[in-house]
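**Q** What would the 3D arrangement of this be:
(one chain, ligands or ions: 1)
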Amino acid sequence: MARMRARQFDRQVAKRFERRFGGRVGVAIPGRDEAAALERQREIVELAEAVADEHAPSGRVDPEPIIRDKAMTLSFGEYGDAFDGMLEFQAGRFHVFCNRVRTGTPGSNRSRFTLGHELGHYFIDEHRLALASGRTPAHASLSEYESAIPVEQEADTFAAHLLMPAKRFRLAAKRKESGLAGILQLAAGFGTSLTASAIRYAALDLAPCAVVKWDWRGYAWKHLSSSAFRAHFRQTFESSSDLAAGSPTRLALEHKPPPECGYFQSGTVASAWFPGTLPGDWRDVIFIEEAVPLGRYGVLTFLYPASSLEVGR
Ligand SMILES: [Zn+2]
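**A** Below is the predicted model:
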């Protein structure tokens, strides 16, 4: 009987979501010029790391107790394919929905990131106030860097810093191997996905590297570490047909089964990936290319120089 009621409840939520999705109202984010955007990013990062330090001063950060601590309620249900999570304000209370259809079982990497993302909508003042005032009915979220909407990206930033605080991540990375092998270990330790961990790795510039995401339609986005950028490795080829046949990324995009470690790996050269580098040029150094298939989410490429880079000014 309880199970019946739960299913009915899930269906109602899914329906309510469908009705609201079309009429979703955006949240006004102050100042979008570059300096203001950087300042705002810095504030969100500080906020997320402060929440992490307050609620989980060491070890792994678990978003569920934070949700409870803030007197929010939480339900995991099957809400169709349209969203990962949602934060709703009703009758004076915040409620978090986590969609098992897209995020898997409670405690999975994606569900932890989704809860971190919804906590971002709660802790970031403009997001919470917009919800509480009724100006925006509910945040239907696609987390883990799938959305180009600024509020969604802000919540992703919050989630990444909440689950992978800079100091803890940097310290843990020091003891890991280079490349995807190390990032897989970091992901396992922090309870985060490979994608989120690789982005965090590049953002903290733990080594010169590029993270390139492909979905099944083609190139999606990339993140360069600042040292790769300073070494003039910036623009990458963005069409898989420009990549060498038989390269790790091409093999993964062709649905070839990866070796036992879960990803393809091979040596390549800078000019195979960066159109600004000419073959044979002094900058045409040897890179390691690794590509991991992510199932429905596409393919993630991780590129890093085989030996240390001479970083230009
Ligand atoms: Zn969201």
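
**Q** From here on, just use CA atoms for contacts and neighbour counts.
**A** Noted.

**Q** Return the set of residues that bridge with whatever residue of the chain ends up closest to the ion.
**A** In the chain, the residue that lies nearest the ion is residue 141 (3.5 Å; CA to the ion). With DSSP bridges as the criterion, residue 141 is bridged to residue 85.

**Q** Just want the phi and psi numbers for residue 206.
**A** phi -70, psi -20 (degrees, to the nearest 10).

**Q** Go ahead and confirm it touches residue 175.
**A** No. Using CA atoms under 8 Å, residue 206 is not in contact with residue 175; the gap is 11.5 Å.

**Q** If you count surrounding residues, which of these two has more?
**A** residue 206 (17 against 10; other CA atoms under 10 Å).

**Q** check contacts around that one.
**A** 170, 173, 225 (CA atoms under 8 Å, 6 or more residues apart in numbering).

**Q** and the residue of the chain closest to the ion, how many neighbours?
**A** 25.

**Q** next one: residue 74
**A** 16.

**Q** And residue 216, by the same measure?
**A** Neighbour tally, residue 216, other CA under 10 Å: 13.

**Q** ok, for it, nearest residue in space, not its chain neighbours?
**A** Spatial nearest neighbour of residue 216, excluding adjacent residues (CA to CA, 6 or more residues apart in numbering): residue 298 at 5.5 Å.

**Q** The one you found: what's it in contact with?
**A** With CA under 8 Å, 6+ apart, residue 298 has these contacts: 213, 214, 215, 216, 253.

**Q** which of those count as buried?
**A** Neighbour-count burial (16 or more other CA atoms under 10 Å) applied to the contacts of residue 298 gives 213, 214, 215, 253.

**Q** ok, residues contacting the helix or strand that residue 102 is a member of?
**A** Using DSSP states H and E, residue 102 sits within helix 100-103. The contact list for helix 100-103, computed with CA under 8 Å, 6+ apart, reads 76-81, 83-84, 106, 109-111, 114.

**Q** Select only the buried ones of those residues in PyMOL?
**A** In PyMOL syntax, the buried subset of the contacts of helix 100-103 is picked out as below (16+ other CA under 10 Å):
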select buried, resi 76+77+78+79+80+83+84+106+109+110+111+114
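
**Q** Rank the contacts of helix 100-103 by pLDDT and give me only the lowest.
**A** Among these, residue 81 carries the weakest pLDDT, at 83.

**Q** Among the contacts of helix 100-103, which ones lie close to the ion?
**A** Applying CA under 5 Å from the ion to the contacts of helix 100-103, one finds that nothing falls near the ion.

**Q** Mark which of the contacts of helix 100-103 are part of strands, please.
**A** Those of those mapping onto strands are 76, 77, per DSSP state E.

**Q** which one of the contacts of helix 100-103 sits closest to residue 96?
**A** Nearest to residue 96 among these, counting by CA to CA, is residue 76 at 8.6 Å.
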